[in-house]
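Asker: Here's my sequence, what's the structure:
(one chain, ligands or ions: 1)
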Amino acid sequence: MQRPGLYGQGDLRNSDTMTDDMKQRFANITQAGTDVLIIGAGVNGAGLFRDLSLQGLNCVILDKADFGSGTSAAPSRLIHGGLKYLETGEFGLVAQSTLERNLLLKNAAHCVEPLPTFIPVFSWTQGIWAALRTLFGSKTAPRSRGAVLVKIGLSLYDYFGSRDQVMPRHRLVLKRRARQEMPHVTEDIVAGGIYYDAKISRPERLVFELVDDGLKANGNCLAAGSATLVSSQAGRLTFALADGTELSLQPKLVVNAAGPWIDKVNAALGEPSRLIGGTKGSHILLDHPELVRSLNGHMIYFEADDGRICLVYSYLGLALVGSTDIPASNPDDVRCEEPEIDYFLESLRSLLPTLRFDRRQVTFSYSGIRPLPASDATAPGLISRDHSAPVIEPRGDRPFAIMSLVGGKWTTFRGFAEEAADTVLARIGRKRALSTRYLAIGGGRDFPTDASARNEWVRATAQATGRPEKRVDELLARYGTTASAILTSKSAHGDDERISGALHYSHLEIDWIARQELVVHLSDIVLRRTTLAIEGCLTMEGLQDIAGIAGAALGWSEERISREVADVMTVLREFHAQDIRSDRGGAAEAPIFRPASA
Ligand SMILES: Cc1cc2nc3c(=O)[nH]c(=O)nc-3n(C[C@H](O)[C@H](O)[C@H](O)COP(=O)(O)OP(=O)(O)OC[C@H]3O[C@@H](n4cnc5c(N)ncnc54)[C@H](O)[C@@H]3O)c2cc1C
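Answerer: Numbers count the residues shown, from 1 in each chain. Predicted structure coming up:
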């Protein structure tokens, strides 16, 4: 089964989802022409769209589903330098990743924050020879990294992360001290390493914010989700948009940013390729307050019994556990399977033997395909996470080049976009007008970073909007400084009206998102513009509230509203191990949708 409603099969021809702004952009792009068409709006496509729009290029970005709904919605949610890439000698990648991590802590301060990380160490000297072999190109992964190796690794990591550094350096502590800091960690450790990386609370939302920044920068740019490529002929590409409108473009250059779908998109463009050799990675979220409390804000980055690196840390009040690394190829049908859940729970039991783990604590799961470059490495963990942008030159009746954005990490999207944008600019004969290096993203703009600036922002916004300071602070944490636009928006809904079962979300917020954030489906709201589904607070009544508000904003019929609710329930059950229940208890029945002809 493929994800219904998420992957472009929806029949939306009876709804008019095109806003006035979109109509204007449509007209502008038709008149001015398209410099660059980007196919795929994951973090790599969205990052490039923002960069090129800022340089004044006329850009179109289209996704067959929603912005940030592919692999970019499935990461470990770390903004990290890639400690384990030191083992494979990818020092350049570590240097770039640590720099980008440090920049994101500043540019997306509304959703990226420091993450103190604990590494349990089980021996003093193990792993040195294996690590040297890997460093010199062996295709087998090292197992069991002892204290000496961890110390060398963390020192190098600090060294590479010193550019634009904002976080403290590492420490290595002996067993007694380590177990004081992490009391449930197994007695078998001899020491613990503590260092800093970062986590991102809302990666899906940040992808949308990148697209939105691009749109705000340039009125001749266009972005649409649920767009299906229907033909590619004689340099003209035609897409069907969600409302049935056809968009026909003759771009100067095409960027294939379809992540794990890259080879499929190249084939659809008439240029079969074998660039991607993906592996699947899954995560689960546990409702486990005792574990969350004991982590005390730390991530534990540990070796499972089979030598794989796993992680656990607190995320939106839940415990996020990941990840697996299994060769897989169909990104349209990827989910966390039961044996993966068993593997995570078993690994946690060995790491934290005094805590209890069972299947009923799992509230959400997700999975994605790493769009790694095709490789012959025997261990998936050893395939390079570096990126590249190979170009297929124009030929025959195809006058445009196709550049594919292969590999990379969430963390490094800005640097990757900058490199790709420079190549595009050179090919089109334009110069870079602006660097994105120190440019805040979306709700990170003018974000108050220290406590006194934050208090002042909250106080001033509370005064201007008449909302309580506690509520303003909650929305600032969720949307960054966009909170102020939400609270001052004109709407038939109030911020005191709340979503059933998710009382921390208001009708006003949902109305704003539906109107302002290029929403096509209900799933866009509950899975990506917000973290409602991942937080596990959706109920049947809540979903109906949200669908009703979105439906009123977007002109959905009653029939469409029921179908959207049913689709979300199916997606959550089939792909995220989540059964929606009624506020009144008990499993909820999906609303019955009968097509008009039935
Ligand atoms: C398990 C796992 C854990 C990870 N953890 C981390 C981490 O903690 N930190 C980190 O930095 N990185 C992490 N990564 C890597 C990171 O998530 C990816 O490198 C990144 O998200 C890839 O983004 P992308 O834009 O290339 O691909 P995607 O996000 O997959 O975007 C591709 C887009 O193309 C669209 N598309 C496909 N076909 C078409 C078509 N025909 N027409 C139009 N659109 C199309 C899709 O709908 C999709 O939205 C992780 C990856 C995985 C799988």
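Asker: Could you check how far residue 216 is from residue 49?
Answerer: Here the criterion is C-beta to C-beta, to the nearest Å. By it, residue 216 lies 12 Å from residue 49. Quick note: C-beta positions are derived from backbone N, CA and C, even for glycine.
Asker: let me redo that: residue 137
Answerer: From residue 137 to residue 49 the distance is 37 Å (C-beta to C-beta).
Asker: just residue 261 next, same as before
Answerer: Distance from residue 261 to residue 49, by C-beta to C-beta: 17 Å.
Asker: More neighbours: which of these two?
Answerer: residue 49 (32 against 25; other C-beta atoms under 10 Å).
Asker: Identify each buried residue in the helix or strand hosting the more buried one, please.
Answerer: Per DSSP states H and E: residue 49 is located in helix 43-54. For helix 43-54, burial by neighbour count (16 or more other C-beta atoms under 10 Å) applies to 43-54.
Asker: Could I get the CA-only coordinates of stretch 353-372 as PDB?
Answerer: The C-alpha coordinates for stretch 353-372 follow below in PDB (Å, rounded to 0.1, in the frame of the first residue of the first chain):
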ATOM      1  CA  PRO A 353      18.600  -2.400  32.800                       C
ATOM      2  CA  THR A 354      16.800  -0.700  35.700                       C
ATOM      3  CA  LEU A 355      14.100   0.700  33.500                       C
ATOM      4  CA  ARG A 356      11.100  -1.200  32.100                       C
ATOM      5  CA  PHE A 357      10.400  -1.100  28.300                       C
ATOM      6  CA  ASP A 358       7.400  -2.600  26.500                       C
ATOM      7  CA  ARG A 359       5.600  -2.300  23.200                       C
ATOM      8  CA  ARG A 360       2.700  -0.300  24.700                       C
ATOM      9  CA  GLN A 361       5.000   2.700  25.400                       C
ATOM     10  CA  VAL A 362       5.400   3.200  21.600                       C
ATOM     11  CA  THR A 363       3.200   6.100  20.600                       C
ATOM     12  CA  PHE A 364       4.500   6.900  17.100                       C
ATOM     13  CA  SER A 365       7.000   5.500  14.600                       C
ATOM     14  CA  TYR A 366       8.500   6.700  11.300                       C
ATOM     15  CA  SER A 367      10.900   5.600   8.700                       C
ATOM     16  CA  GLY A 368      12.600   7.000   5.700                       C
ATOM     17  CA  ILE A 369      15.200   6.100   3.000                       C
ATOM     18  CA  ARG A 370      18.600   7.700   3.200                       C
ATOM     19  CA  PRO A 371      19.300   9.000  -0.300                       C
ATOM     20  CA  LEU A 372      22.900   7.800  -0.200                       C
END
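Asker: quick check, it touching the ligand?
Answerer: Yes. Contact of stretch 353-372 with the ligand (C-beta under 6 Å from any ligand atom) involves 368, 370-371.
Asker: Most neighbours among those residues, which one is it?
Answerer: Of the residues of stretch 353-372 next to the ligand, with other C-beta under 10 Å as the count, residue 371 tops at 30 neighbours.
Asker: interface residues of the stretch 301-450 of the chain facing the ligand?
Answerer: 323, 368, 370-371, 405, 408-411.
Asker: And those residues, which two are furthest apart?
Answerer: 323 and 405 (21.9 Å; C-beta to C-beta).
Asker: so which residue of the stretch 101-250 of the chain comes closest to the ligand?
Answerer: residue 229 (5.4 Å; C-beta to the nearest ligand atom).
Asker: Tell me, how many residues neighbour that residue?
Answerer: When neighbours are counted by other C-beta under 10 Å, residue 229 comes out with 16.
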